[in-house]
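Colleague: pasting the sequence and the predicted model now:
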Amino acid sequence: MEVGRLPISAALKGKLVSAGYTSLSLLSSLSPSHLARDLNISENEALDILKHAPHDGRIDTSGGHHIISGAQTAWDMLHEEELLTRITTSSVDIDNILGGGISCREVTEIGGVPGIGKTQLGIQLAVNVQLPVHCGGLGGKAIYIDTEGSFMVERVLQIAEACWDDMLANNAISQNVHAGQVGMQPKDFLENILYFRVCSYTEQIALINYLDKFISEHRDVKIVVVDSITFHFRQDFEDMALRTRLLSGMALKLMKLAKKFCLAVVLLNQVTTKYAEGSFQLTLALGDSWSHACTNRIILYWNGNERYAYIDKSPSLRSASAPYAVTARGIRNNVSNCKRIKLM
Amino acid sequence: MASRLISEMGLPKSIANVFAARSIKTAKDALSLTEFDLMELADMGLAEVTSALAHISERVSPPYQTALSLLEQRIQNEQLAGHLPTGLKGLDEALFGGIPFGVITELVGPAGIGKTQFCLKLSLLASLPTRHGGLDAQVIYIDVESKFSSKRLIEIGAQSFPEIFYTRGMAQEMAGRILVLRPASLAEFTESLQQIKLLLLERRVKLLVIDSMAALTSGEFEHGASKINPLGWHISFLKIPIVVTNQVRSQSSDDTWRYNFQVGTRHRDLEDTSKYDSQLIAALGIHWAHAVTIRLILETISGERFIKVAKSPMSPALAFPFSITSSGISLLNDDGIEVVGQEISTIHCDGDYLIIKLDPQMPQ
């Protein structure tokens, strides 16, 4: 667009052209003070001119700030966040400390020792995301990225069947189903989980790069679970600085994915030991810089004989722990008095 | 996938040439660099680099399957629905059919408890013809500590499957399918791995046993080092059962199971140091513990032996009492005892058990 077409005074137009700004695209990334200095005009006049500079070409219908493209006011964000539904974890206690469940548009990291139930929680979420909104899901599909080979499809079927039984029991679905949901038999849950098996860190990086295009073609995906994000990055990395850069690149891309497509990203992490405060402690793997990368961080741990989930990091939730259990039906509330103990 | 050549990916000629000139030959080279690094190295703009990376990423990404097609494939294509039955009814039920294909199943326990016996039985089971529940295939047995006893193998076979083993020539054929390797060092093992991979690709080998992993990697690495998995992950998609045995070591005060937010309870543990000497944990560390998919702990409690499913993505933690007989291992109770809490990963060993050195060749 030509500068000559701007609704400003001819003198200003003349100054713009002589300073070299012949088209509006050149103005789009300038700050008012910079332009004012360049043209030798007041900042107010520069602000006036810049009001007409084009944005990124994207029409911001959510009332974005007209000078800084992509910005939103906190008030608008509050409204958006209230509308966001969350994905239930099937354990009421964990849902409560999470404010309802795993939230979309955010990256949640879940870590813990081997056998605590990380994969179980990942599978439960991949099944639950498919539930209709009034049951705690998002009515969407799941992408499950398996780097360790711990995705046992027989177990997924078991969890899906239990989920379906629960829904029937709660009369949440009737025999005559809604046109949108394809009958929702247990096996249908399996059809909506898109499974990728990754065998090296190169494939992991490639896949995360490719997800942008993939999800544009599969818009009903509402959760991406990576089990685990750590595995290939612990194997043979000699250059730790490179590892840190690659990991933060991956984290950023995943965050962008979460925000762009309004889905939840859940990353499962392993543990390692570190020396702090005079003794060895458990901590999540991948180092200190990675611990900044995710928005939310949940640690699954043993407390005596029970499994607990602890919110280690969250911008909006307070630190809290909640007990949970891993049963044949999947993740459920921990009901201590129901433990079966078989006598010899 | 990672070593695919950039030149074969259909990138625009100019970009492909620039990459080649800068020694970026494989996908791994390109994807190991951040976008900034690539921009600097190849002297290209961000838009070009991003589109080149997107192009390469799309070519290198693994394909997807729905979980449903994964299930159908397992049932239809894989032998025995992707599981090798162990012949121990309770254990097979807990594991949805038996030792699963394509993942590492670990057997860990104190010396002499029966890990090698279990491996011998499994090797035999895999070599059996399909009509007897086997995989009708060859087995590769990596015998690091020279514990493999062919005499015991034949004894187990003769006692468990008399109708096969007493048929002329069958014993020889079954035993002939089990290839035993005795690498003297990790380097030797890695070398023979190349040849093993060839056999695996030809689909003649359908079980890999490594007895024991701890002995193979001991002395080579320090506590907590990386590179603990010499198997390499390309084996995992070869869809065969991989059974690995592991040793135990006593817990030291360095071992910890607490996070920083659990500080309050830490003091109690530190005072009770007398506990440490008698407590056993699996060797090879927590890194290895994450790497195995299924961990079966063999332990003794009050004189009785138990095999416990300590880590499994598809089973609850159940412990089954077992005994070692002339026909291998057999369960005394198929229902299993549910184990909860920290007990799941604890390894019990009654003191006097360690003093009596058990000869793995002698049945109990």
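Modeller: Alright, I've got the coordinates.
Colleague: residue contacts, whatever residue of chain B ends up closest to chain A?
Modeller: Chain A sits closest to residue B:341 of chain B, with a gap of 2.6 Å, by CB to the nearest CB. Backbone N, C-alpha and C define where each C-beta goes, glycine included. The contact partners of residue B:341, taken as CB atoms under 8 Å, 6 or more residues apart in numbering or on different chains, are A:302, A:304-306.
Colleague: out of the residues you listed, which is most surrounded?
Modeller: Highest neighbour count within the contacts of residue B:341: residue A:302, with 19 neighbours (other CB atoms under 10 Å in any protein chain shown).
Colleague: distance of residue A:151 from residue A:267?
Modeller: 15 Å (CB to CB, to the nearest Å).
Colleague: is stretch A:29-37 anywhere near chain B?
Modeller: No. In terms of CB under 8 Å from any CB of the partner chain, no part of stretch A:29-37 sits within range of chain B; the closest distance is 14.3 Å.
Colleague: what ranges does the stretch 151-300 of chain A have for its helices?
Modeller: Under the criterion DSSP state H, counting those that start in this stretch, the stretch 151-300 of chain A contains helices at A:153-169, A:186-191, A:201-217, A:240-261, A:287-291.
Colleague: so which of these comes closest to residue B:291?
Modeller: helix A:201-217 (14.8 Å; CB to CB).
Colleague: who's residue A:274 bridged to?
Modeller: Taking DSSP bridges as the rule, residue A:274 bridges to residue A:281.
Colleague: what's the neighbour count on it?
Modeller: Neighbours of residue A:274 using other CB under 10 Å come to 15.
Colleague: again, but for residue B:41
Modeller: Neighbours around residue B:41, by other CB under 10 Å: 17.
Colleague: quick one on the thing from earlier: pick the most buried one from the helices of the stretch 151-300 of chain A.
Modeller: Scoring the helices of the stretch 151-300 of chain A by mean neighbour count under mean count of other CB atoms under 10 Å in any protein chain shown gives helix A:201-217 as the most buried, with a mean of 21.
Colleague: identify the bridge partners of the most centrally placed residue in chain B.
Modeller: The centre of chain B sits closest to residue B:104, judged by CA atoms, centre = their mean, with a distance of 2.4 Å. Beta bridges link residue B:104 to residue B:242, judged by DSSP bridges.
Colleague: my guess is it contacts residue B:294. True?
Modeller: Yes. Taking contacts as CB atoms under 8 Å, residue B:104 lies within contact range of residue B:294: 7.4 Å.
Colleague: same list (the helices of the stretch 151-300 of chain A) but as TSV, adding mean pLDDT.
Modeller: Converted to TSV, those look like this (pLDDT from 0 to 100):
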stretch	mean pLDDT
helix A:153-169	90
helix A:186-191	90
helix A:201-217	92
helix A:240-261	90
helix A:287-291	85
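Colleague: how far does stretch A:223-232 stretch from start to finish?
Modeller: This stretch, stretch A:223-232, spans 22 Å end to end (CA to CA, to the nearest Å).
Colleague: on that earlier part again, between the helices of the stretch 151-300 of chain A, which one is closest to residue B:193.
Modeller: Across the helices of the stretch 151-300 of chain A, closest to residue B:193 is helix A:201-217 (CB to CB), at 20.4 Å.
Colleague: and the stretch 1-150 of chain B, which of its residues are near chain A?
Modeller: Residues of the stretch 1-150 of chain B lying near chain A (CB under 8 Å from any CB): B:1-2, B:27-28, B:31-32, B:34-35, B:37, B:53-54, B:56-68, B:70-71, B:74, B:96-97, B:100, B:102-103.
Colleague: quick one: the strands in the stretch 151-300 of chain B, in order.
Modeller: B:178-181, B:205-211, B:242-246, B:248-250, B:280-282, B:294-301 (DSSP state E, counting those that start in this stretch).
Colleague: how is the chain divided into domains?
Modeller: I went with chain A, as the question did not name one. Here the domain parsing of chain A from the TED database is A:2-52, A:78-333.
Colleague: think we crossed wires, I meant chain B
Modeller: According to automatic domain parsing, chain B comprises the domains B:6-60, B:74-355.
Colleague: just give me the lowest mean pLDDT stretch among those domains.
Modeller: Lowest mean pLDDT of the domains of chain B: domain B:74-355, a mean of 80.
Colleague: chain center to that one, what's the gap?
Modeller: Counting by CA atoms, centre = their mean, to the nearest Å, domain B:74-355 is centred 7 Å from the centre of its parent chain.
Colleague: from chain A, which residue is nearest to chain B?
Modeller: Closest point on chain A to chain B, by CB to the nearest CB, is residue A:305, at 2.6 Å.
Colleague: which residues touch the closest residue to residue A:258 other than its chain neighbours?
Modeller: Once flanking residues are discounted, residue A:258 sits nearest to residue A:265: 4.6 Å by CB to CB, 6 or more residues apart in numbering or on different chains. Each residue near residue A:265 by CB under 8 Å, 6+ apart is listed here: A:106-108, A:223-224, A:226, A:254-255, A:257-258.
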